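Participant: turn this into a model:
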Amino acid sequence: MMMQLVIQLLFTPVCALLAGAILWLVFRNETLDDSALIRNFVFMLALFTGTGIGVLRTEAVRLRIDPVFRIQHEIETHPLYMTIAAYAPDDAQALRRTLEAEMAGGASLADALRVARPMLWAEVKYRSGFADQTTRLQLARYVTDTLIEFGRSDPGFCHRILTEQPFDRAMLLERFTPENSAVFQDIAIRVYESADRGMRHEERPSEKHAEFNTVAREYSAIQEEIEERFGRDIANLLRSDRIRSTPIDLASRVCAARIYQLEAMQKRPKEIASRLTDSIVRS
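Facilitator: Down below sits the predicted model:
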């Protein structure tokens, strides 16, 4: 904003100074009457003013001197925002408000997107139900890798993710690395694109359908493996109606069990694995 103010204050005097300087260089050896002098000065002033305005309106200059334009440009050209704006304008408006508020306070776009993660995650979870099997499994892989990342370094934070406790701004910025956020954004783009096709009921001829009873048998088999490895109490806590009440002292074991569960599910055939993991990711 300071740069814009300085330019506004100095723009006309600088143009006038340049016009006068050029006029002196061109006509320094001639004697002009007042009307000719004024006419040439006005012409040169208009020329420099028009040229200056044209330069100041170029994208390259505006990105340097206009912070509001820079913020808008960064947001509007980001692949994730462009995708959401194309498929879900209401989501894009909500996202934009969050990003603009963060960036106006000095945050980078990358940090602003991490702060917006809870809102984005809620939409990604919802829309993944309409996504194709491959996209669902890619989302499950991301969730698994994220739990592995925190399960090893910070079981307490893994517990926070599993129990869906809210994150404050500091947590979002400190815990979710740029690398993790980049993968999440890429997956979010795929989910929005695939979900749009699913909502329009486009045919997916390459996908096989898994019968409910088959999926249920595989789920039960995995639960038996978890009971043998981690105990019945831990296996029961993995149920969607109990996972949020997991006590913090069991964080490490429950996190490890959830990772095992997701890994085991992803080893099944695609049509089965996508339904099994979807029941976990969207629970």
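Participant: please identify the buried residues of stretch 171-191?
Facilitator: 172-173, 175-176, 180-181, 183-185, 187-191 (16 or more other C-beta atoms under 10 Å). Yep, even glycine has a C-beta here, placed from its N, CA and C like the rest.
Participant: turn these into JSON lines, including distance to residue 156 and pLDDT.
Facilitator: Listed next are the buried residues of stretch 171-191 as JSON lines, based on distance: C-beta to C-beta, whole Å; pLDDT from 0 to 100:
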{"residue": "172", "distance to residue 156": "16", "pLDDT": "95"}
{"residue": "173", "distance to residue 156": "18", "pLDDT": "95"}
{"residue": "175", "distance to residue 156": "11", "pLDDT": "93"}
{"residue": "176", "distance to residue 156": "15", "pLDDT": "94"}
{"residue": "180", "distance to residue 156": "17", "pLDDT": "95"}
{"residue": "181", "distance to residue 156": "20", "pLDDT": "96"}
{"residue": "183", "distance to residue 156": "22", "pLDDT": "97"}
{"residue": "184", "distance to residue 156": "21", "pLDDT": "97"}
{"residue": "185", "distance to residue 156": "25", "pLDDT": "97"}
{"residue": "187", "distance to residue 156": "25", "pLDDT": "97"}
{"residue": "188", "distance to residue 156": "26", "pLDDT": "97"}
{"residue": "189", "distance to residue 156": "30", "pLDDT": "97"}
{"residue": "190", "distance to residue 156": "30", "pLDDT": "97"}
{"residue": "191", "distance to residue 156": "28", "pLDDT": "97"}
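Participant: next, give me the two most distant ones among those.
Facilitator: Using C-beta to C-beta, these reach their maximum pairwise distance at 173 and 190, which is 24.5 Å.
Participant: can you add distance to residue 248 and secondary structure and give the buried residues of stretch 171-191 back as TSV?
Facilitator: Formatted as TSV, the buried residues of stretch 171-191 follow (distance: C-beta to C-beta, whole Å; DSSP: H, G, I helix; E, B strand; the rest coil):
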residue	distance to residue 248	secondary structure
172	20	helix
173	23	helix
175	16	helix
176	20	coil
180	23	helix
181	26	helix
183	27	helix
184	25	helix
185	30	helix
187	28	helix
188	29	helix
189	34	helix
190	34	helix
191	31	helix
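Participant: fine, thanks again, bye for now.
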